[in-house]
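In: Build the 3D model from these lines:
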Amino acid sequence: MIEGLKKTGAVPAARVVCDMKCGREEVVPCFYKGRAKPMIGEPDQGQIHKKMISMGWSLVKGVLRCPACEAKRKAAQAGETAQAAQAVPADIAPSKKQRIQIISMLAEVYDLDAGMYAGGETDETVAGALEIAPGYVEQVRAAEFGPAGGNEDIKELRADLEAFKGDAAEALEALARLNRDLRARIERARDLADRLGRIEKAVGARVIKRGAP
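Out: Okay, the predicted model is just below:
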């Protein structure tokens, strides 16, 4: 969501709020369309969108997401894609040719003694190499070889990693927001100092003038 702001400094700005209602918002300088004065014209959304995207925000189907919410969206999308790729109806089995291919490859990458995949292999990597659905590999592996083993932890670790990346992005953006707020306060202090200097100069000139013979 983009909101116009009343001009308080030298540069007009607008407030950008994450559409996911996470509470994240930013104030960014921008042009206003129609009229030069803020609150009369409309903020230039095209310009604002470009700025936000350069700051790590996303704009997907008209929805603005902050970096943390975008990371969560991507993680959820990746999970849905993997789940959809693996989903195979229970009553549908791989073809004879596919079954032979799967068994042949599993014989090379599955450790029967340990009861798990060797190295970093998984149902997904075998399926990717054979260009078939991971669900088919799971069916054959479970029936002919055994459990997937320790490499199932990869999925959980990947999910934890994505969550950590989202948290890290949110922490970095919070730090950046504090930095921007500090800069705004410093700029405000400079504006006040300039105003004070002009007032003192004007008052001093009037005092001098009154004291002149």
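In: immediately after the worst-scoring helix or strand of the chain on mean pLDDT, which helix or strand?
Out: None of the helices or strands of the chain scores lower by mean pLDDT, DSSP states H and E than helix 67-86, at a mean of 73. Downstream of helix 67-86, the next assigned helix or strand under DSSP states H and E is helix 96-109.
In: what helices or strands is that next one leaning on?
Out: On a contact count with 3 or more C-beta pairs under 8 Å, 6 or more residues apart in numbering; DSSP states H and E, helix 96-109 meets helix 123-130, helix 134-144. All C-beta spots, glycine's among them, are computed from the backbone N, C-alpha and C.
In: Which positions in that helix come out as buried?
Out: Neighbour counts using 16 or more other C-beta atoms under 10 Å place 98, 99, 101, 102, 105, 106, 109 of helix 96-109 among the buried residues.
In: Including distance to residue 53 and pLDDT, could the residues you listed go into TSV?
Out: Formatted as TSV, the buried residues of helix 96-109 follow (distance: C-beta to C-beta, whole Å; pLDDT from 0 to 100):
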residue	distance to residue 53	pLDDT
98	43	92
99	47	92
101	44	94
102	43	94
105	42	90
106	45	92
109	42	87
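In: and of the residues you listed, the nearest to residue 25?
Out: Nearest to residue 25 among the buried residues of helix 96-109, counting by C-beta to C-beta, is residue 109 at 49.7 Å.
In: how far away is the residue nearest to the closest one when sequence neighbours are not counted from residue 26?
Out: Distances taken as C-beta to C-beta, 6 or more residues apart in numbering put residue 121 closest to residue 109, at 4.3 Å, once the chain neighbours are dropped. Relative to residue 26, residue 121 is positioned 44 Å away (C-beta to C-beta, to the nearest Å).
In: again, but for residue 192
Out: 23 Å.
In: If you count surrounding residues, which of the two has more?
Out: residue 26 (20 against 10; other C-beta atoms under 10 Å).
In: which strand residues sit across from that one in the sheet?
Out: Here residue 26 sits in beta bridges with residue 16, going by DSSP bridges.
In: close enough to count as contact, it and residue 54?
Out: No. Under the criterion of C-beta atoms under 8 Å, residue 26 is not in contact with residue 54, lying 11.9 Å apart.
In: By residue count, which helix of the protein is the longest?
Out: helix 153-211 (DSSP state H).
In: same for that one, what does it pack against?
Out: strand 25-29, helix 67-86.
In: May I have the first one as PDB, with CA atoms only?
Out: What follows is strand 25-29, C-alpha atoms only, in PDB (Å, rounded to 0.1, in the frame of the first residue of the first chain):
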ATOM      1  CA  GLU A  25       6.700   0.200   6.400                       C
ATOM      2  CA  GLU A  26       9.100   2.500   4.700                       C
ATOM      3  CA  VAL A  27       9.100   6.200   3.900                       C
ATOM      4  CA  VAL A  28      10.700   7.000   0.500                       C
ATOM      5  CA  PRO A  29      11.200  10.200  -1.500                       C
END
